[in-house]
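# I'll drop the sequence and a predicted model, then ask my questions.
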Amino acid sequence: MIPCSVLLEGEYGESDICIGVPVILGKNGIEKIVELDLNADEKAKFKASAESVRGNVSALKDLKLV
């Protein structure tokens, strides 16, 4: 298991975002995204982090850098 930025598709309640989460890596790349059991405070902080990433991506799109 290693932390890695990956595209989430429903894991951790998030979709359409690349963000760092624990994964199982194998010879062919990511084999599994590991969903840790987060408490309410950790879930709120993760959601805030995801929103921050989305905001940064949006700002880059506005600058035509993405």
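Cool, the structure landed. Residues are numbered from 1 along each chain as shown.
# what's the helix or strand containing Ser5 packed up against?
According to DSSP states H and E, Ser5 maps onto strand 2-9. On a contact count with 3 or more Cβ pairs under 8 Å, 6 or more residues apart in numbering; DSSP states H and E, strand 2-9 meets strand 15-26, strand 29-33. C-beta here means a position set from N, CA and C on the backbone, and glycine is covered the same way.
# nearest to Ala40, of those?
With Cβ to Cβ as the measure, strand 15-26 is the member of these nearest Ala40 (18.1 Å).
# give me the element Val53 is part of.
Per DSSP H and E: helix 40-62 holds Val53.
# Ser52: which of the helices and strands packed on strand 2-9 is closest?
Among these, if distance is taken as Cβ to Cβ, the winner is strand 15-26, at 9.7 Å.
# tell me the mean pLDDT over that closest one?
Here strand 15-26 scores 96 as its mean pLDDT.
# just confirm Leu65 is within a helix.
No: assessed with DSSP: H, G, I helix; E, B strand; the rest coil, Leu65 is coil; it does not lie in a helix.
# how deep is it tucked in, by neighbour count?
8 (other Cβ atoms under 10 Å).
# how close does it get to Val21?
Applying Cβ to Cβ, to the nearest Å, the value for Leu65 to Val21 is 25 Å.
# same deal with Ser52?
15 Å.
# more neighbours: these two, which one.
Val21 (18 against 11).
# show me the contacts for that one.
Going by Cβ atoms under 8 Å, 6 or more residues apart in numbering, Val21 touches 3-4, 6, 8, 11-12, 33-35.
# centre-most residue in this structure?
Per Cα atoms, centre = their mean, the C-alpha nearest to the average position across the chain is that of Ile19, at 2.5 Å.
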